[in-house]
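S.K.: Could you work out the structure for the sequence below:
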Amino acid sequence: MAKKILIAFDESENSLRAVDFVGANFAPDASVTLFNVLLDTEAMCAMQSPELTPYFKAEQSAFCTLEDKKKELVSQAMQKARRDLVDCGFSKDKIEIKTVVREKGVARDIIKVAQNGKYDLVVLGRQGLSGIKEFFLGSVPQKIIHGAKNVSVLLVG
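M.R.: Okay, here's the model as predicted:
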């Protein structure tokens, strides 16, 4: 049975289903990390160059406000996920919340942490792309399943 579990997490229903699945099907003595990769929007939000177009300047504030709201929603969802795991019997001190800024790509960043963190299992929710979009664009779960080495991956539908 997995003793160190990484749950790839965003604020989606699929992520919450992955948390529920872990809570219902894994021993509560396991260590769980709720892991989120944020897009790097800090540089764009800090831009103040005189060469910026008026349209960019007008929309920059709205975009950055939306990004701040998204970060807040992700944080709230992660706290809810932690509470759900505690309600399932997991010890609060064995549940870590970890957020990083995207470096190479969401899937590659998750794989890097999963392999470097000595996790036994990566759990993630299925992404809701259509078959055609998934074929052309790929999906984070698909990339993790094919790219992860020396760690098991569990996809929760």
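S.K.: Report the separation between the residue sitting furthest away from the middle of the chain and residue 57.
M.R.: The centre of the chain is farthest from one residue, residue 50, which by Cα atoms, centre = their mean lies 35.4 Å away. Between residue 50 and residue 57 the distance is 10 Å, computed by Cβ to Cβ, to the nearest Å. C-betas here are computed from N, CA, C, even on glycine.
S.K.: all strands for this protein, in order.
M.R.: Under the criterion DSSP state E, the chain contains strands at 4-8, 31-38, 95-101, 121-125, 152-156.
S.K.: can you redo those strands as TSV with distance to residue 63 and mean neighbour count?
M.R.: Output for the strands of the chain, formatted as TSV (distance: least, Cβ to Cβ, whole Å; neighbours: other Cβ atoms under 10 Å):
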stretch	distance to residue 63	mean neighbour count
strand 4-8	25	24
strand 31-38	14	22
strand 95-101	17	14
strand 121-125	26	24
strand 152-156	32	17
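S.K.: quick one, which of the ones you listed is nearest to residue 24?
M.R.: If you check each of these against residue 24 by Cβ to Cβ, strand 152-156 wins as the nearest, at 10.6 Å.
S.K.: Could you tell me which ranges of the protein sit under the pLDDT cut-off?
M.R.: For the chain, the stretches flagged by pLDDT under 70 are 40-44, 52, 127-138.
S.K.: Longest helix in it, please.
M.R.: The residue-count maximum for a helix in the chain (DSSP state H) belongs to helix 54-87.
S.K.: Great, nothing more from me.
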